[in-house]
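1. Got a sequence here, can you model it:
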Amino acid sequence: MIWLVDVMEQLGESDMAFIALGYGQVKLGDASPESMARSLMAVYNEAEYTSTNDAATGLVKLSDHTALSATIQKYSEPEALIAVKLISKQMDNLSDYQHWFALIEEQLSESGLKVDWRLNVQSMLQETLESEIVWEVLEDHEATNIPDGEYHDVNTISRTFYVPYLVSEAKVRDHLVNVQAAVHQSTVDGDYRVTLGAPLITVEY
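-> Below you'll find the model as predicted:
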């Protein structure tokens, strides 16, 4: 996360959005989706819950800018999918995220669960910068471009990279990648939006 923020601070405006998505599988056994969601969110006294027969979500506001949710979706009799989302419309202090993630991981561990995290940071490119600077800044931070992972259309360019000291990784066309970057130009005002994801982008860019 710190690496993503460091890169974006050189590129983006002061308003920076952060989204962490964690996905995994869980065996419910005799538990219901709602009881599992309540167990995961038990440390948050102000959490609110919604549920149906096959799914349940717990939601809590962590700050003025950040909310956390955990959803359990049953897809067979003993098994369910778990989705944990931490969404900041505007970033809080980095120390806050260290605390929040430690608490989330502790709750998951106590429930015998593990999720694969996808981290995303997004901001508008500084007006004084050209869009090509994005790739230069990534290279300055030891990101090696993986050409097979490139996508582009009229308004968007997306590229994948490998950074040797980042832990998470994914496979794209037989190549290991752990960072994806996208630059999208608005058709309304021509401004550029930059999205960084580790190991891949999982939000709209």
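
2. what about the longest helix in this protein?
-> Counting by DSSP state H, the longest helix found in the chain is helix 94-110.

3. pLDDT of stretch 80-88, averaged?
-> Mean per-residue pLDDT for stretch 80-88: 96.

4. for the chain, what spans make up the strands?
-> Assigned by DSSP state E, the strands in the chain fall at 17-27, 48-51, 55-61, 66-74, 79-88, 116-124, 144-152, 156-162, 170-172, 175-177, 179-185, 192-198.

5. Return the distance of the third one from the chain's centre.
-> How far strand 55-61 lies from its chain's middle: 17 Å, per Cα atoms, centre = their mean, to the nearest Å.

6. And it, what does it pack against?
-> The elements that strand 55-61 packs onto, with contact taken as 3 or more Cβ pairs under 8 Å, 6 or more residues apart in numbering; DSSP states H and E, are helix 33-40, strand 48-51, strand 66-74. Heads up, the C-betas are built off the backbone N, CA and C, glycines and all.

7. Using a markdown table, lay out those together with distance to Val203, mean neighbour count and mean pLDDT.
-> Putting those into a markdown table (distance: least, Cβ to Cβ, whole Å; neighbours: other Cβ atoms under 10 Å; pLDDT from 0 to 100) gives the following:
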| stretch | distance to Val203 | mean neighbour count | mean pLDDT |
| --- | --- | --- | --- |
| helix 33-40 | 22 | 20 | 92 |
| strand 48-51 | 22 | 14 | 96 |
| strand 66-74 | 15 | 20 | 96 |
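
8. Just the pLDDT at the spatially most distant residue from the centre of the chain, thanks.
-> Distance from the C-alpha centroid of the chain, by Cα atoms, centre = their mean, peaks at Asp30 (30.7 Å). The score at Asp30 is 84. That number is its pLDDT.
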